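> what's the 3D shape of this:
(2 chains)
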Amino acid sequence: MAAVATSRWLRFRCKLCPTLRGQRAGPCGQTPSCRFYSGSATVPKAEGANVTGIEEVVIPKKKTWDKVAVLQALASTVNRDITAAPYAFQDDPYLIPTSSVESRSFLLAKKSGENAAKFIINSHPKYFQKDIAEPHIPCLMPEYFEPQIEDISEAALRERIKLKKVKASVDMFDQLLQAGTTISLETSNSLLDLLCYYGDKEPPADYHFQKSEKSEELEAAEENDEKSKKADHQFGVTWRAKNNAERIFALMPEKNSHSYCTMIRGMVKHRAPVQALNLYTELLNNRLHADVYTFNALIEATALSVNKKLEDKWNNILELLKQMAAQKVKPNLQTFNTILKCLRRFHVFGRLPALQTFREMKAIGIEPSLATYHYIIQLFYHHENPSKGSSLIIYDIMNELTGQKFSPKDPDDDMFFQSAMRACSFLRDLELAYQVHGLLNTGDNWKFIGPDHRRNFYYSKFFSLLCLMEQIDVTLQWYKDLIPSVFFPHSQTLIDLLQALDVANRLEMIPQIWKDSKEYGHIFRNDLKEEILMLMARDQHPPELQVAFADCAADIKSTYESQDARQIAPEWPANCLNYIAVLFLRAGRMQEAWKMLGLFKKHNKIPGNELLNEFMDSAKASNSPAQAIEIVKLASAFSLPVCEGLTQRVMADFVISQEQKEALGNLTSLTSDSDSSSDSDSDSDEGK
Amino acid sequence: MFPRVSAILALRPLSRFPSCSGGSEAPAAAIVLLGAPHGTVRYRISALLVLTKNNAQRYFGTNNVIYSKKDEQSAPTPEISKETESQESVKENRKKDLLGIIKGMKIELSSVNVQTTRPSSRRQLKSVEATVGRLQKAPEDVPKNRTQSLSPELVAAASAVADFLPFDKQTTKSELLRQLQQHEEVSNAQKDGERAKISVSNIISDMKVAKSATARVSTRPVHQIQFDEGTDNYMGQETDDLKKRKNMLKGKRLNIFDLKAVTEEAPETETAPSLWEVEFAKQLATVNEQSLQNGFAEMIQWTSEGKLWEFPINNEAGFDDDGSEFHEHVFLDKHLKDFPKQGPIRHFMELVTCGLSKNPYLSVKQKIEHIEWFRNYFNEKQDILKESGIQFN
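Purely as a prediction, here's the structure:
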């Protein structure tokens, strides 16, 4: 009150200000600091006599800042550091996560630590009474979840409802009823709210280990209950006939529309659409009116109801909307979002109604939220078959949205960016993807990207699209910018990047990419490793690059070997063995290359023809017939058809002794015997 | 063994070209290329193949506008005979070019087919479908008498081109054929010595320029109508023109609610929010909850949780006095109006206000009450004051 009065007064004063200022300036300058000085009583009097017309000093209104305004201003000056881990992960450097699994467990660990502390404080409040903070900080003090009012009264019931003690509230209600007390409509309605919202079950606790307060017997009694509870939690709680909500609803002597509405909403929430629709009829029979939330629930119920044609469902929804209009119930954003959400299940049939619904909401001036667009995009692109061609509605949506800033209006608002990027990726339209990304970075819109997995999905799609369509330099710029400070790439994302590098002929980046992927926990991704090895081994490269590639190959090889130690079935793909051997060979690491040949035998894999030829080339280069014969031996040991050709090469290219010749002769005869049997093997090998 | 063919290497940079330059450099590039007409045409079309449709059309349009301008410049030259000659040779060259282009296209297409990384599926599929569609629709769209005058080579070439261009194949093909026919007529007329003002390139450029406007719409496949069952006309009407293309978000609505009824203010009944509303609000709050971005964001969170001193940091933390301000606490003289202007009571009261103004623990209201108490006190003691000769009021 005081503040309002002051401001009114000040406003009035301000009007006078210009006229007064001139008069005041002079005398104030001469006698500074005398006005409110109370040291002597005589001075003001003299002053008052001399200078008439001086009014009180107008004190400018205190400027009030929001308590976080300073911090917000400061926070806005901090930009994202692409070289650092996200702020949430900044802790002990040893703990900074390097893969998506680690980051998840990091956040979970942090959260569960907080929960554990809270749990201890709340379960032993008597030990945490000392209030050290001045001023007092309520959120650090233990909360009281136990009801304080012991006697049986309506106040006690209200308290239990407030504390969301479902069972205790129902017990209290029954006791009150038995005692013959009449319970006010308001209280019974809020009890119904509680029962309907949670489906006659205790609300799920914020932390899972809350109920240690209960006594042992209770625990045992509830053990059986527990199992059914778990089953319920999987699909949410389901509405059971004759549950407490229905019982209390039936017991209530007078019911208003709120009682009916909350029952209907509860039934729909817990998947009992038929009962909900029946109750709506009952509500109409009692000449009551439903509110907009109830209509929203009823729309959902209509769509949920089984064994009905899509067309009938849609007509029923329209019927409900007409009733809303007739009863002068104003639809809200949720009404239309519910319709669109339900229309998603109609697939192709839902498209036209969805567009009409959207136009309707625009026409009556309800601003769509991000979720609205999400539903439309899903409807138009989710079950899209590329051969059918695709809708272009996303372009209209993006034109509409570009530059807007959003505030949360619907629980599904955080799905939009994911589905928009999915559509971009589906349409292979990079420009559109940039547009979506631009929208994400407008204002605070980035907050709508949703939880971790959705963010990963969004950025993976975006980055894959970049790999496909963007210039390699720009792609690499994005790579630096996004990974790992925004998301940790999936191995498929890295394969996409490798393919982009391949297409742009920038294979020299591969060792770096391998290093990164090791960092991001893809050591055991065989497809990724195979892709890397394949790209490195495919063509000849300048010697320096070959050396780098061989180092990388050795590194990859070691991952296979360490896998051996971990007792996971060691599976050396034949391709990888081939590639690694070739890479060693080309880098001149002969010993290791020969060791690789040994591995073929050990793991019972068949070396490729090109590999053997390349070995032969190197044997020739070093002019060692012994090696050449060794190769032929190996080939014959696998009964490869290439053996014969190799033998001829040895005969032609090398100076060999008689003994060696004989040995060769034996080998060849052996191979030719088993040629036919090995054909299929070698064919399949060549196919790779 | 290695599925990715490096033939695509030459194409890739081109495909990147629009997205990085944003289209503004495109005309410039086209002008540069115009220098050598033979190579240029092929280059342009091969570029077209791999470009995203919109950009492709933009290119096409711009190129040809420039081209036609050039022609207009050369038109007024006096050497008529030379002109006609060149026109003829141009015509010949074009025919060759066209075939060359098509050959080039086929090669490039096969390479597109082979490589796996390019997103080519949509276009290819469409071209296949279009071929199927053409088989059914061909007779009505292309009157036979038209094609008669054209050599079968050209007809085949035109249909091949039509297959590749991303817009409606049938129209493209018939248009191409029509143009070729006109083109033949024109050159025939020119052979007869009649100089036609319209140059061949003008015709073609006109056609292309008109086309370029269709950009995105024309990429919409005809087949989409199939699954929409045509209850709404939004698909059917948008045939060719972008400007005519309806924004899908605008159009027929359900017409159930009345704007007036919805917007008119209903008398709001103030009720306490029910559990449903509270929980919904909580749910909404989690929607844009993100992990903290920086230390200041964390401080903001702590501040709103009440764990941190509020900024600006001063000695008023946790001090709530109904929003009254500093001066109301300190300048209390205005409450002394009813007291005598001088004398011991005045003096005493000034000391009281001085003390009060320095007291941080009392609210303004309490301070005023305190002064009030003294006023009442002195009022009650009027008689004593009178006795001692002190004046009050």
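> only C-alpha atoms for contact and neighbour calcs from this point on.
Will do.
> got the domain ranges for the chain?
You didn't say which chain, so I picked chain A. Domain assignment of chain A by the TED database yields the ranges A:100-130, A:506-563+A:570-601, A:606-671.
> oops, chain B please
B:151-190, B:326-388.
> and these, which one is worst for confidence?
Lowest mean pLDDT within the domains of chain B: domain B:151-190, at a mean of 61.
> shaky segments in the stretch 201-350 of chain B?
B:201-246, B:264-270, B:318-319, B:321 (pLDDT under 70).
> what is the neighbour count of the residue of the stretch 151-300 of chain A found nearest chain B?
Chain B sits closest to A:D193 of the stretch 151-300 of chain A, with a gap of 6.2 Å, by CA to the nearest CA. For A:D193, the neighbour count with other CA atoms under 10 Å in any protein chain shown is 24.
> who touches it in this structure?
Contacts for A:D193 were tallied using CA atoms under 8 Å, 6 or more residues apart in numbering or on different chains; they are A:T262, A:M263, B:S274, B:L275, B:W276.
> most neighbours among the residues you listed, which one?
A:T262 (28 neighbours).
> with adjacent residues omitted, what lies nearest to it?
Distance criterion CA to CA, 6 or more residues apart in numbering or on different chains; nearest residue to A:T262, sequence neighbours excluded, is A:D193 at 5.9 Å.
> chain center to the helix or strand hosting that neighbour: distance?
Secondary structure assignment for A:D193, by DSSP states H and E: helix A:185-198. Computed by CA atoms, centre = their mean, to the nearest Å, the separation of helix A:185-198 from the middle of its chain amounts to 34 Å.
> B:S291: how many residues sit nearby?
Using other CA under 10 Å: B:S291 sits among 16 other residues.
> give me phi/psi at the residue lying closest to A:V78 once chain neighbours are set aside?
In this structure, A:V78 finds its nearest non-sequential neighbour in B:N294, 7.2 Å apart by CA to CA, 6+ apart. Backbone torsions for B:N294, taken as degrees, to the nearest 10, come to phi -160, psi 180.
> what's the spacing between B:N294 and B:I300?
From B:N294 across to B:I300, the span is 10 Å (CA to CA, to the nearest Å).
> who has more neighbours out of those two?
B:I300 (23 against 17).
> report the contact partners of that one.
A:V68, A:L71, A:Q72.
> quick one: the first one and B:E305 touch, right?
To tie it back to what came earlier, the one meant is A:V68. No - look at A:V68 against B:E305 with CA atoms under 8 Å: they stay out of range, at 11.3 Å.
> looking at those two, which one has more neighbours?
Set A:V68 next to B:E305 and count neighbours by other CA under 10 Å: A:V68 wins out with 20 against 13.
> how is the nearest residue to that one once chain neighbours are set aside assigned, secondary-structure-wise?
Excluding its sequence neighbours, the residue lying closest to A:V68 (CA to CA, 6+ apart) is B:I300, at 5.9 Å. Per DSSP: H, G, I helix; E, B strand; the rest coil, the secondary structure class of B:I300 is helix.
> how much space separates A:F119 from A:P331?
From A:F119 over to A:P331 the distance is 42 Å, taken as CA to CA.
> and if you look at A:P204?
On the measure of CA to CA, A:P204 and A:P331 end up 31 Å apart.
> how about B:Y361?
51 Å.
> these two: which is more packed in?
A:P331 (21 against 10).
> need the phi and psi values for the more buried one.
According to degrees, to the nearest 10, A:P331 has phi -70, psi 150.
> excluding its backbone neighbours, what's nearest it?
Counting by CA to CA, 6+ apart, the residue nearest A:P331 is A:V292, at 6.1 Å.
> contacts only, for the one you found.
Going by CA under 8 Å, 6+ apart, A:V292 touches A:M324, A:V329, A:K330, A:P331, A:N332, A:T335.
> mind putting those residues in CSV, distance to A:M534 included?
Formatted as CSV, the contacts of A:V292 follow (distance: CA to CA, whole Å):
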residue, distance to A:M534
A:M324, 64
A:V329, 66
A:K330, 63
A:P331, 60
A:N332, 57
A:T335, 55
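> would a markdown table of the residues you listed with secondary structure and pLDDT be doable?
Compiled in a markdown table, those are given as follows (DSSP: H, G, I helix; E, B strand; the rest coil; pLDDT from 0 to 100):
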| residue | secondary structure | pLDDT |
| --- | --- | --- |
| A:M324 | helix | 91 |
| A:V329 | coil | 89 |
| A:K330 | coil | 89 |
| A:P331 | coil | 91 |
| A:N332 | coil | 91 |
| A:T335 | helix | 94 |
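> for these, which one is nearest chain B?
A:K330 (5.4 Å).
> backbone dihedrals for that closest one, please?
Backbone geometry at A:K330, expressed as degrees, to the nearest 10, gives phi -80, psi 130.
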